[in-house]
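In: here you go, sequence then predicted model.
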Amino acid sequence: MSSIPLKHFKKGSPKPDLPEDGVWRLFTMAFCPFVQRVRLVLDAKQIAYHKIFIDLIEKPEWYKEYSPLGKVPALQLTNLKDQPTLIESLVIAQFLDEQYPEPKLFPTDPLQNAQDKILIERFAPVVSALYPVLTCNPNAPQDALQNFEKALNVFEQELISRGTPYFGGEKIGIVDYMIWPWFERIPSLKYTTEQKYELDAKRFGQLLKWRNLVAQDEAVKQSAQDPQVHAKFQLSKLEGKPNYDIAFNN
Ligand SMILES: N[C@@H](CCC(=O)N[C@@H](CS)C(=O)NCC(=O)O)C(=O)O
C-alpha cells in the first residue's frame, strides 16, 4: 500500500517524503504492544493506513513534530484540516470507534462502557509486572512472575463471572483488543525464561480458551507475530541493541 521504507527511521534519517494521498499515517515500532492496540482497531474496522517505523532508542529528530513525547503510537489524520496527530492508544481507539462505528467495539451502554474502561485500567498492573520478565531484565524482582499471575487472576475471574467467550460478550470487543497484545507476547516466555514459563492451564483455563479464540480473529491475525520472533526481539533488547527490523514485514 505504501512506498514508505519498512525499516525503522533513526536519528539522522532525513524526514521522508510521505505520500499526500489522504490515507492516515500510523507512526509505529514493530514490537510495540500499544501500537498493536491501535492496529487491531484499525484492522477490525478495515481502515487503511500507512506505517512509518520509528527507532525508539535513536529517534529521528523530526519525530517530535508528530508525537510531543516521542512515543508511538501516533496516528496522523491526514484528511483533516491541519492534519492533526493523535497519541495514546486508548484515546485513539475510542476516537476510531466513534468515527467508524462498524463493528462497534466499545459498549453503547454507559455503565458497561465505564466498567470496560475500568477493566482496561486494571490491566496496567499486568503490564508492569510482566514488563521486566518479558524484557528478560536480569534485575527483575524475584517475585515478578507471581505478581504478574496475581494481577492476571483478576482477568481470569472476570471472564468466569461474565460467562461469555469474549470480554466483549458473544463478540470480540474493546477489552479483548486492548489486552490482546500482551497475550500474544506471553508465549515468548517459553523461549526466554530459564523455567520455560507457560500459563498454568488449571489456574488460567478460561483465559487460555479465550486466547485460542481471539487468535483466530481476522484483525488479530493481521498484526500477529510468532512468539519466537517476539523472543528474538526481547533478547536483542537485552543485549542493548534492540533489533527493530527483525519483523521486516510488520
Ligand atoms: N500510554 C501510551 C504508551 C505508549 C508507549 O509507552 N510506547 C512506547 C513503545 S511500546 C514508546 O514509545 N516508548 C518510547 C519512549 O518512551 O521514549 C499509549 O497507550 O499509547
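Out: Received it, and whenever you're ready, just let me know what you need.
In: use CA for all of it now, contacts and neighbours both
Out: Noted.
In: the ligand contacts on this protein?
Out: Selection of the chain residues close to the ligand by C-alpha under 6 Å from any ligand atom yields C32, P33, F34, L56, G70, K71, V72, P73, E88, S89, L90.
In: from these, which two are the most distant?
Out: Distance extremes for the residues of the chain next to the ligand: the farthest pair is L56 and L90 at 20.1 Å, using C-alpha to C-alpha.
In: can you classify S236 as helix, strand or coil?
Out: Classification of S236 using DSSP: H, G, I helix; E, B strand; the rest coil returns helix.
In: which residue is the nearest non-sequential neighbour of H8?
Out: F53 (4.3 Å; C-alpha to C-alpha, 6 or more residues apart in numbering).
In: for that neighbour, the count of nearby residues, please.
Out: F53 has 22 neighbouring residues, counting by other C-alpha atoms under 10 Å.
In: could I get the full set of strands for this protein?
Out: 24-28, 49-53, 74-76, 85-87 (DSSP state E).
In: and those: which comes nearest L130?
Out: strand 24-28 (21.4 Å).
In: counting by contacts, list what that closest one packs against.
Out: Strand 24-28 sits against strand 49-53, strand 74-76, with contacts defined as 3 or more C-alpha pairs under 8 Å, 6 or more residues apart in numbering; DSSP states H and E.
In: now do it: everything it contacts.
Out: With contact meaning C-alpha atoms under 8 Å, 6 or more residues apart in numbering, strand 24-28 is reached by 35, 48-54, 72-79.
In: so which of those is the closest to the ligand?
Out: V72 (4.0 Å; C-alpha to the nearest ligand atom).
In: contact partners for D55?
Out: H8, F9, K10, K11, M29, Y244.
In: which two of the contacts of strand 24-28 have the greatest separation?
Out: Using C-alpha to C-alpha, the pair of the contacts of strand 24-28 lying farthest apart is I54 and N79, separated by 22.0 Å.
In: mind checking which of those two has more residues around it?
Out: Using other C-alpha under 10 Å, the more surrounded residue of I54 and N79 is I54, with 24 against 13.
In: thought that one was touching M29?
Out: Yes: between I54 and M29 there is a contact at 5.6 Å, judged by C-alpha atoms under 8 Å.
In: with just CA atoms, put the biggest helix by length in the chain into CSV.
Out: Determined from DSSP state H, the single longest helix within the chain is helix 144-162. What follows is helix 144-162 as a C-alpha-only set of coordinates in CSV (Å, rounded to 0.1, in the frame of the first residue of the first chain):
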residue,chain,number,x,y,z
ALA,A,144,7.8,-10.7,39.2
LEU,A,145,6.1,-13.7,37.8
GLN,A,146,4.0,-14.2,40.9
ASN,A,147,3.0,-10.5,40.8
PHE,A,148,2.1,-11.0,37.2
GLU,A,149,-0.1,-14.0,37.9
LYS,A,150,-1.8,-12.3,40.8
ALA,A,151,-2.7,-9.3,38.5
LEU,A,152,-3.8,-11.7,35.7
ASN,A,153,-6.1,-13.6,38.0
VAL,A,154,-8.4,-10.5,38.0
PHE,A,155,-9.0,-11.2,34.3
GLU,A,156,-9.5,-15.0,34.8
GLN,A,157,-12.1,-14.3,37.4
GLU,A,158,-13.8,-11.5,35.3
LEU,A,159,-14.1,-13.8,32.3
ILE,A,160,-15.6,-16.5,34.5
SER,A,161,-18.1,-14.0,36.0
ARG,A,162,-19.1,-12.5,32.6
